[in-house]
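1. the amino acid sequence is not available; the structure is as follows:
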């Protein structure tokens, strides 16, 4: 995962033993050497085998690249590779070290254990990406993410062949990048949590080594409370301005020359840190109030023959684009920046949808899709997987226009997300999006995707991400006990509420200092157990109740859930963080009892009494409602069992 | 844990909220400031609460120290503290920042969650250590342990108030310390895995910040194959010498002046890296062969009027001690170094037992106990907990002689232990030894110890050690599947074979490059589930079969184990690493069936048939035998159930 463009299975397999070795022939560069070293270390981690190649023995995996890579990774640089594995050896060829890196990660993913040892299947793979821009955006403003957290996620990104890491570095809650020219940015607007320039350079080089570009975003003119906390003189509304949550939306004052002088100097400084050609200026969701309420700004609008605030933002963007161009940077921004006044070189990142991209492409603008890829919405992987940058309105573009759609970016907005939670919000779902952006358009089988996603999910652990391992300590913290297995059982079948529905009166969304230590924070966005249980129920129902193996497994689940509340209840009561989850636990047990009763009727081949059914269905329907911002994902399949018990 | 010398519970509790604050008053030093910062960060990690103290509000925890600490931590430096917690605030006082650190860790351990939130109970604690030397030795020669692995274990050590980190830096399998004077040590004898001097200085300062001394050990004249690989001219037997496992034992040649010149220069260099007063020279297990087979050495022995090799080693140690003294270091070594020729300043570390220490103390030598604290022997915590440095022969020493027993050190020899396994070999068992060395001698209740150890085990996770979290990825690696719950069920009730019984023909003990990726490597030395199950059985039997709650839990366990093999078997068969464990899984299921049958007879109040009992007991006895170097820990309690079924 992502599935390659072409894969021919061959017979046999190549054993991975202590004597496994890998060597690069052909063009050498430091980046490739590093990649091979990391590959070998990773192979050792995955298998637990320390490699001790015998001197003089033939190389197991030969890597041959035709040319060097660019010193600053370029959009569209060749990432293709060919990987041929036979029972005696393997060969990886690529035009560039970048392609070789992609192929090495494919090799790692092919390693399996079987009854004779670790091995990779014999196979012939030819692979190249469908889109050149396959990104992940992480919001580090709402919650600062330490460098080590970013690094491990860069490793995971590379593992699934994503190639752009977009850092949302400023917003209302914090300015996260050190500026030596404007030090108040970090001093007054980061609460001490920011990246130094040295750290960022190191991160960029870390990402480069893994074939990943870093694109910085500094959001202007809206989402700029942090910037304006440091430099209130650039604000459209008078200060004092603080980072405290709430308060009115703010925006830079686009009518003052100081604003552009600041941006010119700041961007100049940042281009010396961020070498990437693209520079993201945000540009989204500018609240009209700060401009509408400022008579000077309104006078400026009239004086310059503009119609409204949108015209003013266009004016701002036009000037900003010229500043960027002067510093040899290409502007990228969210949908709202699209205006015909801007040159065709800019890139539009769409949170609104393919239609928005299609409009841009028709006007000759390049675009990226992020609509449908917002991981903070807590959708199941399948829902993201269905979203294609070239579907909907974009499907009707001409081939030339389609080429303007560069790919997409998955986005993670972090109002609710602390560093300990981040990984589980990204992984494994981002891997499904990575496949959408890399693999051929016709790779769409959801069952196949999930079967592979489950494997990739635990494989990714070897790259250091903690999406699976962070859950237990968080549950233990809430439980306050060594044995929290009954809490784990509940946690495994609930999911956070979807979209933007989460509400907490005590710890509201924009209170970025509030604790995020509830059950909703610890559980994964998509319940694997819930999906497996649902699959079993579908299997059982589709078999006309004949699949006894599926039924037995369903019964196992239901039995353990039925008996769970009695174990869990005392634990929930003694923890202030868990009390709110008591009704969920009760519902889980009651649903399980109803499910078992339905199986009883089905096994008896006796239709269930209508009264019972009506009552249970009403209850199960009710149990679908969110409690403590959580959804009980087994409520749906249990309803199906209850309904099916009617059929005899 | 360790339990304090004096603890007076008070009524009420102090709530830990977002507004919690801590501040040091009195004497300031950088070390204390750092400790307070780490304490606050740790408190946030444990609770998931970001601290946002209100300006001007009273400090929740006030820390007052009377004096500064030494710039190089000294043996016996004051570590006492007093901690008073009331429902409105807390006060920590200590003579030194070192004592304050110990108190801060006590505070962290007191944090609990209850129905109203996080809190610490009101309490008055006066605490000081029983022994001034409470160490942990890690063997980094047999398997190199990266710096980050050491750092997280230093954090855990500090959390349980250990204060000496003894690094076994050289042995036959690798020389792990960079020498600029003798660079072949790292170049030829470390396979690239060693600590640079800069890294070591950083580690020493990291440990100092946490109140921990680092004592280096370079093992001479035996256990020195790595050293002699680099400098074969110092060997008693001719070269070439390689690190390869096996081969004859080697030793330095103590008859040549070059040996002492080398040691003088090397020790001089190392004292500039390691500031601690104590310098460990190993000195254990010198094989007689290399000296006996060298005619020149035998001639030297005769020429100097020595009787045997022991005399020669004594001569070597005497000269070595003088070199150390010249460089202002006190010699420490294993039992074998003890000879009346050496000055009383030296310290003997005993792997042989209290008798050995008593003999030394009677002669005026200081000593440390390590016998009984070898974590690599895979003993249960209770067995280590019973070992007291002042018991056995040492109990009869005079009070003055007893003062010569400085404490003890737990030791971890790493022939079988890779970095991914290390933490689970150390924790939580080392915490029980830490308690033995810190707490009053009469703190010996094993039930209380285990109840607290279970809590401390998961609390230690917040310090970064992976003793609990490393298990799942290792099991998944062996299983090759996302769902490995049936393997986890087996893994939870097996323990590695004890003492030095482990044998693997494929991956022998001294093959330090061999993979350590079997079930025996993944499971914890002591099974928590096994202990809990055993406790339930004892409870049930002692109640005269009346404790129905215990019986129900026993039955739950037995039911799940009985049904486990059928789920697990296919998985075991398809993995080369797990096939050897199939008989264990079968035995577990069969034992569970026998246990359930025994419960059936007990519940029926009908004595079980003798035939059945004899047969089942024989089988259960047989199931105690190690398979794949693993012990099935439920075999014992199931035998008790079978036996008990006779009694009606």
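-> Thanks, I have the structure now. Given the structure is predicted, the values throughout are model-derived calculations rather than measurements.

2. can you name the residue of the stretch 501-648 of chain A nearest to chain B?
-> At 2.8 Å from chain B, residue A:517 is the closest residue in the stretch 501-648 of chain A, using Cβ to the nearest Cβ. All C-beta spots, glycine's among them, are computed from the backbone N, C-alpha and C.

3. I'd guessed that residue sits against residue B:48; true?
-> Yes. Assessed by Cβ atoms under 8 Å, residue A:517 is found in contact with residue B:48 at 2.8 Å.

4. okay, and the common contacts of the two?
-> A:474, A:477 (Cβ atoms under 8 Å, 6 or more residues apart in numbering or on different chains).

5. show me what contacts the residue of the stretch 501-648 of chain A closest to chain B?
-> A:474, A:477, A:478, A:577, B:47, B:48, B:49.

6. try 10 Å
-> By Cβ atoms under 10 Å, 6 or more residues apart in numbering or on different chains, residue A:517 lies in contact with A:418, A:420-421, A:474, A:477-478, A:507, A:577, B:46-50, B:113, B:118.

7. and those residues, which of them are in helices?
-> Among these, the ones falling in helices (DSSP state H) are A:420, A:421, A:474, A:477, A:478, B:46, B:47.

8. nearest to residue B:249, of those residues?
-> Nearest to residue B:249 out of the ones in helices among the contacts of residue A:517 is residue B:46 (Cβ to Cβ; 47.9 Å).

9. so how far is chain A from that closest one?
-> According to Cβ to the nearest Cβ, to the nearest Å, residue B:46 stands 7 Å off from chain A.

10. from what I can see that residue touches residue B:108, true?
-> Yes. Using Cβ atoms under 10 Å, residue B:46 is in contact with residue B:108, at 6.6 Å.

11. shared neighbours, the two?
-> What both residue B:46 and residue B:108 touch, as defined by Cβ under 10 Å, 6+ apart, is the set B:459, B:462, B:463.

12. point out the least confident one among the contacts of residue A:517.
-> Within the contacts of residue A:517, residue A:507 has the lowest pLDDT, namely 91.

13. and the contacts of residue A:517, which is closest to residue A:295?
-> Closest to residue A:295, out of all of the contacts of residue A:517 and judged by Cβ to Cβ, is residue A:507, at 38.3 Å.

14. that closest one: what's it in contact with?
-> A:416, A:513, A:514, A:515, A:516, A:517, A:518, A:521, B:18.

15. redo those residues as CSV? Include secondary structure.
-> Converted to CSV, those look like this (DSSP: H, G, I helix; E, B strand; the rest coil):
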residue, secondary structure
A:416, coil
A:513, coil
A:514, coil
A:515, coil
A:516, coil
A:517, coil
A:518, coil
A:521, helix
B:18, coil
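
16. closest to residue A:364 among these?
-> Of those, the one sitting nearest to residue A:364 (Cβ to Cβ) turns out to be residue A:416, at 38.2 Å.

17. from residue A:583, how far out is the closest one?
-> With distances taken as Cβ to Cβ, to the nearest Å, residue A:416 is found 22 Å from residue A:583.

18. check which residues of the longest helix seen in chain A are buried.
-> Criterion DSSP H: the longest helix present in chain A is helix A:582-604. The neighbour-count check on helix A:582-604 (16 or more other Cβ atoms under 10 Å in any protein chain shown) flags A:582, A:584-599, A:601-602 as buried.

19. what's the first helix or strand after it?
-> Sequence-wise, the next helix or strand downstream of helix A:582-604 (DSSP states H and E) is helix A:610-622.

20. now for the residue nearest to residue A:171 when sequence neighbours are not counted: which residues touch it?
-> Excluding the flanking residues, the one nearest residue A:171 by Cβ to Cβ, 6 or more residues apart in numbering or on different chains is residue A:141, at 3.6 Å. By Cβ under 10 Å, 6+ apart, residue A:141 lies in contact with A:167-177, A:189-190, A:193, A:217-219, A:223, A:225-226, A:413-415, A:512.

21. what is the closest residue to chain B within the stretch 51-200 of chain A paired to in the beta sheet?
-> In the stretch 51-200 of chain A, no residue comes nearer to chain B than residue A:113, which is 4.2 Å away by Cβ to the nearest Cβ. Taking DSSP bridges as the rule, residue A:113 bridges to residue A:118.

22. which residues does it contact?
-> So residue A:113 contacts A:16, A:46-47, A:119, B:476-481, B:517, B:574-578 (Cβ under 10 Å, 6+ apart).

23. what about residue A:330, neighbour count?
-> The number of residues packed near residue A:330 is 18, by other Cβ atoms under 10 Å in any protein chain shown.

24. same question, residue A:420
-> Counted with other Cβ under 10 Å, residue A:420 comes out at 19.

25. from what I can see it touches residue B:46, true?
-> No. Counting by Cβ under 10 Å, residue A:420 does not reach residue B:46; the two are 11.4 Å apart.

26. shared neighbours of these two, which are they?
-> Joint contacts of residue A:420 and residue B:46 (Cβ under 10 Å, 6+ apart) are A:473, A:477, A:517.

27. residues in contact with the second one?
-> Each residue near residue A:477 by Cβ under 10 Å, 6+ apart is listed here: A:420, A:484, A:517, A:522, A:575, A:577, B:45-48, B:111, B:113, B:118, B:458-459, B:461-462.

28. next one: residue A:100
-> Here residue A:100 is in contact with A:24, A:26, A:31-32, A:35-36, A:39, A:63-66, A:69, A:79, A:81, A:83, A:92-94, A:211 (Cβ under 10 Å, 6+ apart).

29. who are the contact partners of the closest residue to residue A:531 other than its chain neighbours?
-> Nearest non-adjacent residue to residue A:531, counting by Cβ to Cβ, 6+ apart: residue A:450, 6.9 Å away. Taking Cβ under 10 Å, 6+ apart, we find residue A:450 in contact with A:380, A:381, A:382, A:385, A:428, A:432, A:526, A:528, A:531, A:532, A:535.

30. quick one on the thing from earlier: please name every helix or strand in contact with the longest helix of chain A.
-> helix A:485-491, strand A:494-496, helix A:528-542, helix A:548-562, helix A:564-573, helix A:610-622, strand A:630-632, helix A:635-644 (3 or more Cβ pairs under 10 Å, 6 or more residues apart in numbering or on different chains; DSSP states H and E).
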